[in-house]
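Colleague: just coords:
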């Protein structure tokens with residue numbers, strides 16, 4: 001019976017994205033050797049060969065945080081290019097009638113309150129959730145939500161259209 005020797009591939013000096021492998025450490029993660037790596041910014045980070053090869057770890061923690069922040073800002077600026085906010089509300093979101101996939105009532109802004117066995121109506125306007133009440137009948141909750149939309153959204157959307165033109 002022969003014993004199998006573990007395969008050891010030398011990754012010292014190899015570059016994986018922004019990290020260059022400097023040396024193995026005595027530390028282990030999931031029975032794998034942790035390597036000390038140097039980032040392009042001169043900071044160090046430890047990672048396993050699998051993390052480096054798979055791309056799970058691509059930079060030091062400082063650069064990873066900066067990259068995440070930069071990309072988050074880029075994401076928000078791209079998604080808000082058509083954002084014509086008025087007083088903290090977005091008309092594109094207000095005019096969206098899509099119902100969330102986890103909605104159980106079938107109506108936007110109407111949910112079942114298990115603790116009180118009643119339907120709850122609410123609306124979000126200018127980044128604030130407004131509680132419209134609890135109702136025994138679902139249609140009363142839907143009507144309350146629709147009335148709030150008419151009262152809050154319609155004047156706001158008219159103002160937006162007048163500014164747009």
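Modeller: Arrived safely, thanks for sending. Since this is a predicted model, take the numbers as computed values, not measurements. Numbers count the residues shown, from 1 in each chain.
Colleague: Name the residues of the top strand by length along the chain that are buried.
Modeller: In the chain, ranked by residue count with DSSP state E as the criterion, the top strand is strand 19-29. Of the residues in strand 19-29, those buried under the neighbour-count criterion (16 or more other C-beta atoms under 10 Å) are 19, 21, 24. All C-beta atoms are positioned from the backbone trio N, CA, C, and that covers glycine.
Colleague: Give the single residue among those residues positioned nearest to residue 136.
Modeller: Within the buried residues of strand 19-29, the smallest distance to residue 136 is 61.1 Å, found for residue 19 (C-beta to C-beta).
Colleague: where's the nearest residue to that closest one once chain neighbours are set aside, which helix or strand?
Modeller: The spatially closest residue to residue 19, leaving aside those adjacent along the chain, is residue 37, at 4.0 Å (C-beta to C-beta, 6 or more residues apart in numbering). Assigned by DSSP states H and E, residue 37 falls within strand 32-39.
Colleague: Quick check: which helices or strands does that strand pack against?
Modeller: If you count contacts as 3 or more C-beta pairs under 8 Å, 6 or more residues apart in numbering; DSSP states H and E, strand 32-39 packs onto strand 19-29, strand 44-48, helix 49-54.
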